[in-house]
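Asker: requesting a structural model of the entry that follows:
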Amino acid sequence: MWTRQKRGSGSKWTKEIDAMQSHRESLQSSSFELHTHLSHALVRYLGISSPEQLSKFELNSPKDLVDITSRFITNTFSVTTPTLTPIGVSVSPIVALINHSCEPNAVVVFPRSSALSPAQESLMQIIALRNINPNEEILTSYIDTTLPKYLRQKSLKETYNFECRCAIIDAVRVGQEGLDKATALQSKGQNLLIYQSVGANGMTDPYKSLQLTTNLIPILISSGLTPSSHPLLALSRLHQSLLIESLPSPPTQESLDDAIRATTRSSAGLSAILPYGHPIRGITLAELGKLLAVDEPSPCQPSSPAEAALRYPPSGPPRLKLALETMLRARNELLVGFGAWNEGSQVGKDAREVIVALEKEMMVWKQGVKNVLEDTPRPVAFKS
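Answerer: Sure, this is the predicted structure:
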């Protein structure tokens, strides 16, 4: 609004903002409250006390104010940290022209390139997830594509006022048969997760949330849901986050292994839905690799090769090897999702450092085994 006031209605910047899509005349009833709240908040923040005062911001009526609010809701992009944690919003009239697809060939990210100084803000970038042919439309996803079709359509209709016609076989994505079995659990479980985890003071209770996800996930798995199914994937990702946040310092073997299993389940579900190189896939793989690389507090030596094959996560050198393989996969995907020229963003650079450390540790272990073998006396063969 202040930039609009400074540059005037005739400026190129203002014309680009005004050209962005507004749904003022076709708002969904479910969106009225959000638009009203934002409009009132904007008026209070700017200190506007009458419709006449809108004119100093190049607005002629309250309808123009609602247009600004609608354009903001419809066309903004979440500004995120290198780990995709939302920290704000950004507007780009050019990037806002990109259409939606539930199977996008590109993503919008804010990677922190090594070329930027710490004081500089990350720049919005459009990263291709695969080769895009000449004359092929660039498409990003406006919503969380891990959600089932009916929730994706609901979100798109409420926020962007259109119906998604993406040709995705939802039964493959959601596991429709399993989802039908879990419908009752979904409504009970997710409502409980939201409402029971809120204490009397209105603050969320991570411990209760962790209890609920711990109890619900085995039930959903036993009903036949795959890791990519809804609501199992959403609950798995929440469970993973809660376990990592609640890791004691130093971690116990049990808490560390639980976090690894939860992150593995999330990664498997995301890999079944999101395309190769999607930033969320890469970040989840990096989280898994880092957990596997943590020194084991109480390594468990399996009693037999059969037991070792069944144990997950593995212990000892096999765990170290799996950590290295996972981090290599993570970095390759991060280089796609955040751009190789950005070194995969900060997470990609961190992954490279972990890979180097793991390779050194593996070399030390291999050299140690070699030394032991060389120092072991060989049996002497006697002639009869």
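Asker: pull out the buried positions in the host helix or strand of Tyr207.
Answerer: Counting by DSSP states H and E, the element that carries Tyr207 is helix 206-222. For helix 206-222, the neighbour count (16 or more other C-beta atoms under 10 Å) marks 209-210, 212-213, 216-217, 220-221 as buried. C-beta coordinates here come from the backbone N, C-alpha and C atoms, glycine included.
Asker: buried residues in stretch 2-13?
Answerer: Quick answer for stretch 2-13 (16+ other C-beta under 10 Å): Arg4.
Asker: contacts for that stretch?
Answerer: Stretch 2-13 is contacted from outside by 14, 17-18, 56-58, using C-beta atoms under 8 Å, 6 or more residues apart in numbering.
Asker: let's see it at 10 Å
Answerer: 14-15, 17-18, 46, 56-60, 68, 93 (C-beta atoms under 10 Å, 6 or more residues apart in numbering).
Asker: ok, which pair from those residues is furthest apart?
Answerer: Greatest spacing in the contacts of stretch 2-13, by C-beta to C-beta: Lys56 and Pro93 (22.9 Å).
Asker: who's more crowded, the two?
Answerer: Taking other C-beta atoms under 10 Å, Lys56 and Pro93 do not tie; Pro93 has more neighbours (15 against 11).
Asker: now stretch 332-346, how far from the centre of its chain.
Answerer: The chain centre lies 15 Å from the centre of stretch 332-346; the measure is C-alpha atoms, centre = their mean, to the nearest Å.
Asker: backbone phi and psi for Val79, please?
Answerer: Phi and psi for Val79, reported as degrees, to the nearest 10, are phi -80, psi 130.
Asker: so it sits right up against Ile87, yeah?
Answerer: Yes: at 5.7 Å, Val79 counts as touching Ile87 under the criterion of C-beta atoms under 10 Å.
Asker: the more surrounded of the two?
Answerer: Neighbours were counted for Val79 and for Ile87 using other C-beta under 10 Å; Val79 has more, 15 against 9.
Asker: what is the burial count for the residue nearest to Val79 when sequence neighbours are not counted?
Answerer: Once flanking residues are discounted, Val79 sits nearest to Gly88: 4.1 Å by C-beta to C-beta, 6 or more residues apart in numbering. Gly88 has 11 neighbours, counted by other C-beta under 10 Å.
Asker: for Gly88, what are its contacts?
Answerer: So Gly88 contacts 76-80, 110, 121 (C-beta under 10 Å, 6+ apart).
Asker: equivalent analysis for Pro62, please.
Answerer: So Pro62 contacts 39, 43, 51, 54 (C-beta under 10 Å, 6+ apart).
Asker: same check, this time on Gln153
Answerer: Contacts of Gln153 by C-beta under 10 Å, 6+ apart are 102, 143, 147, 162-166.
Asker: of these, closest to Glu307?
Answerer: Leu147 (38.9 Å).
Asker: these two touch, right, that closest one and Ser155?
Answerer: Yes: Leu147 lies in contact with Ser155 (C-beta under 10 Å); the separation is 7.4 Å.
Asker: which one's more surrounded, the two?
Answerer: Shown here are Leu147 and Ser155; by other C-beta under 10 Å, Leu147 has more neighbours (20 against 15).
Asker: burial measure for the residue lying closest to the more buried one once chain neighbours are set aside, as a count.
Answerer: In space, and not counting its chain neighbours, Leu147 is closest to His230: 6.5 Å by C-beta to C-beta, 6+ apart. When neighbours are counted by other C-beta under 10 Å, His230 registers 26.
Asker: next: Asn131.
Answerer: 7.
Asker: surely it is within a strand?
Answerer: No: counting by DSSP: H, G, I helix; E, B strand; the rest coil, Asn131 is not part of a strand but coil.
Asker: local confidence estimate at it?
Answerer: Asn131 carries a pLDDT value of 95.
Asker: list the contacts of it.
Answerer: Asn105.
Asker: in the stretch 101-250 of the chain, which spans are strands?
Answerer: Secondary structure of the stretch 101-250 of the chain by DSSP state E, counting those that start in this stretch: the strands cover 106-109, 125-128, 139-140.
Asker: any idea how far the shortest one is from the chain center?
Answerer: For strand 139-140, the distance between its averaged C-alpha position and the chain's averaged C-alpha position is 17 Å (C-alpha atoms, centre = their mean).
Asker: for it, packing partners?
Answerer: Contact here means 3 or more C-beta pairs under 10 Å, 6 or more residues apart in numbering; DSSP states H and E; on that basis strand 139-140 packs against strand 99-100, strand 106-109.
Asker: isn't Leu38 up against Arg71?
Answerer: No: the criterion here is C-beta under 10 Å, and Leu38 misses it with Arg71 at 11.2 Å.
Asker: so for these two, which sits in the more crowded spot?
Answerer: Shown here are Leu38 and Arg71; by other C-beta under 10 Å, Arg71 has more neighbours (21 against 17).
Asker: from Ala128, how far off is that one?
Answerer: Per C-beta to C-beta, to the nearest Å, Arg71 is found 27 Å from Ala128.
Asker: Tyr207 too?
Answerer: Tyr207 is 42 Å from Ala128, by C-beta to C-beta.
Asker: the helix or strand where Asp64 lies: how far from the chain's middle?
Answerer: Here Asp64, judged by DSSP H and E, is contained in helix 62-75. Counting by C-alpha atoms, centre = their mean, helix 62-75 is centred 28 Å from the centre of its parent chain.
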